[in-house]
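# Below: sequence and its predicted model.
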Amino acid sequence: MNLVLLGLPGAGKGTQAGLLADKYNIPHISTGDMFREAVKNETPLGKKAKEYMDAGELVPDEVTIGIVQERLAQKDCEAGFILDGFPRTIPQAKALDEVLMELEQQLDLALLIAAPEEELIKRLTGRRVCQDCGATFHVDFAPPEEEGICDECGGKLEQRDDDKPETVKRRLEVSREKTDKLVDYYKRQDLLAKIDARGEILEINQQIQDLLEDAGDDN
Ligand code: AMP
């Protein structure tokens with residue numbers, strides 16, 4: 001099962017990708033997580049990515065494509081993968097097609113998780129992430145038992161720098177136009193499916209699983 005998740009920041013791609021990865025036992029590949037890890041470890045990649053991320057801009061294609069190429073060639077991707085946050089541009093989508101061709105694989109589905117922008121702003125600016133284990137909370141929709149403290153591990157909860165209101169606005173602007181182009185790209189390849197991001201996480205996940213099973217039946 002080779003799946004691409006599309007959607008604006010805050011649509012729930014990461015949450016859904018995590019659940020699907022557990023269900024199908026395939027890796028969840030999030031370029032955002034890969035960049036954040038690199039920033040945290042102050043690697044050369046992290047140093048390059050940080051300035052773009054802090055400004056809410058996209059990391060240049062050549063950098064991003066390189067890390068995904070390397071990741072998809074790893075053994076654990078042979079049985080499939082879920083890409084979350086990649087591709088975000090048409091050159092990235094084309095590069096993905098080429099990588100998959102070289103690996104003699106193909107995409108099963110590009111799934112757009114869609115939500116109105118006001119909803120996304122609320123979700124992003126209220127999101128809090130554990131600095132130790134990465135668990136995600138929300139100040140209104142999924143508050144921790146004790147404010148600022150992770151329910152899972154007791155770590156400190158913080159707001160991602162790029163979830164601050166000014167950066168959220170810029171991230172949404174940058175993403176909107178690019179996502180529309182990707183939607184067209186995958187529509188033309190007859191690979192696009194769309195799902196409404198509003199609702200219960202597990203219900204949405206079930207809808208996605210149903211779609212994937214249908215996509216599998218068609219192949
Ligand atoms: P995310 O967690 O997916 O919202 O990504 C956080 C940030 O990482 C984005 O705002 C970009 O700066 C960078 N990033 C993640 N994925 C990509 C990508 N496919 N292309 C370029 N930049 C990316």
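Okay, I see it. Predicted model, so just to flag it, every value in this text is computed and none were measured. Numbering: from 1, shown residues only.

# Going by C-alpha atoms from here, please, whenever you check contacts or count neighbours.
Noted.

# Does the residue of the chain most remote from its centre fall in a helix, a strand, or a coil region?
Computed with C-alpha atoms, centre = their mean, the residue of the chain farthest from its C-alpha average is Glu146, at 27.6 Å. Assigned by DSSP: H, G, I helix; E, B strand; the rest coil, the conformation of Glu146 is coil.

# where's it relative to His28, distance?
Going from Glu146 to His28 by C-alpha to C-alpha, to the nearest Å gives 29 Å.

# repeat for Asp132
The gap separating Asp132 from His28 is 19 Å, by C-alpha to C-alpha.

# residues from the chain in reach of the ligand?
Listed as neighbours of the ligand in the chain under the rule C-alpha under 6 Å from any ligand atom: 9, 31-33, 52-53, 56-60, 64, 85-88.

# For the helix or strand hosting Val99, which helices and strands make contact with it?
Per DSSP states H and E: Val99 is located in helix 90-102. Helix 90-102 is packed against helix 61-72, helix 165-188, with contacts defined by 3 or more C-alpha pairs under 8 Å, 6 or more residues apart in numbering; DSSP states H and E.

# now Glu195, which residues is it bridged with?
Let me fix one detail, which is that residue 195 is Ile and not Glu. Beta-bridge pairing for Ile195 (DSSP bridges): Ile113.

# neighbours of it, just the number please.
Ile195 has 16 neighbours, counted by other C-alpha atoms under 10 Å.

# ditto for Gly134
Neighbour count for Gly134, taken as other C-alpha under 10 Å: 15.

# Report the secondary structure state of it.
Of the three states, Gly134 takes coil under three-state DSSP.

# Check the spacing between it and Arg160 real quick.
11 Å.

# quick revisit: the residue farthest from the centre of the chain and the ligand: what is the separation?
According to C-alpha to the nearest ligand atom, to the nearest Å, Glu146 and the ligand sit 25 Å apart.

# how close does the closest residue to Val174 other than its chain neighbours sit to Arg88?
Among residues not flanking Val174 along the chain, Glu57 sits closest, at 7.0 Å (C-alpha to C-alpha, 6 or more residues apart in numbering). Relative to Arg88, Glu57 is positioned 11 Å away (C-alpha to C-alpha).

# Quick check: bridge partners of the nearest residue in space to Gly18 that is not next to it in sequence?
With C-alpha to C-alpha, 6+ apart as the criterion, Gly18 has its nearest non-adjacent residue at 6.2 Å, and that residue is His28. Taking DSSP bridges as the rule, His28 bridges to Ile82.

# Isn't His28 up against Gly80?
No. Using C-alpha atoms under 8 Å, His28 makes no contact with Gly80, being 9.6 Å away.

# buried sites along the helix or strand containing Gly14?
Assessed by DSSP H and E, Gly14 sits inside helix 13-24. For helix 13-24, burial by neighbour count (16 or more other C-alpha atoms under 10 Å) applies to Lys13, Gly14, Gln16, Ala17, Gly18, Leu20, Ala21.

# Brilliant, that's me finished.
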